[in-house]
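Participant: Sequence plus the predicted model coming up.
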Amino acid sequence: MESISHIKYLIKANNSQITDSEIDTLLEDAKTKTNSGKTANNGKGISIGYIENDEAYQYQVLRLYK
């Protein structure tokens, strides 16, 4: 999916130190947490939200600052 490559680019743009494996884990975790309303977080300042319905899906990239 081309949209997945875009979301991965956004994540890398917000934290260049994050690995591709960490990104894949975040995306998978976000999908499993969609019903709870929680986001997936890697502890490195990036959280990912995921919303899906019959017509579309949406990833939300959140950059946390201290």
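Facilitator: Nice, thanks for sending it over. This is a predicted model, so every value here is computed, not measured.
Participant: Any regions of the protein where pLDDT drops low?
Facilitator: Where the chain drops to pLDDT under 70, the residues are 1.
Participant: can we see that at 90?
Facilitator: 1-4, 14-15, 34-37, 42-45, 57, 64-66 (pLDDT under 90).
Participant: So which residues of it form strands?
Facilitator: 40-41, 46-52, 57-63 (DSSP state E).
Participant: Residue 46 reaches residue 63, doesn't it?
Facilitator: Yes: between residue 46 and residue 63 there is a contact under C-beta atoms under 8 Å: 6.4 Å. Quick note: C-beta positions are derived from backbone N, CA and C, even for glycine.
Participant: residues shared between the contacts of the two?
Facilitator: Contact criterion C-beta atoms under 8 Å, 6 or more residues apart in numbering; residues shared by residue 46 and residue 63: 14, 15.
Participant: which of these two has more neighbours?
Facilitator: residue 46 (22 against 12; other C-beta atoms under 10 Å).
Participant: what's the closest non-adjacent residue to the more buried one?
Facilitator: Take residue 46 and drop its neighbours on the chain: the residue closest to it by C-beta to C-beta, 6 or more residues apart in numbering is residue 15, 5.3 Å away.
Participant: Quick check: residue 49 touching residue 39?
Facilitator: Yes: here residue 49 lies in contact with residue 39, judged by C-beta under 8 Å, at a distance of 4.5 Å.
Participant: shared neighbours of the two, anything?
Facilitator: The contact sets of residue 49 and residue 39 overlap at 30, 60, 62 (C-beta under 8 Å, 6+ apart).
Participant: Of the strands of the chain, which is nearest residue 6?
Facilitator: Comparing these against residue 6 with C-beta to C-beta, the closest turns out to be strand 57-63 (9.1 Å).
Participant: Residue 12 contacts residue 19, doesn't it?
Facilitator: No: the pair residue 12 and residue 19 fails to qualify as a contact (C-beta under 8 Å) at a distance of 9.7 Å.
Participant: So between the two, which is more surrounded?
Facilitator: residue 12 (15 against 10).
Participant: and the gap between the more buried one and residue 35?
Facilitator: Distance of residue 12 to residue 35, computed by C-beta to C-beta, to the nearest Å: 27 Å.
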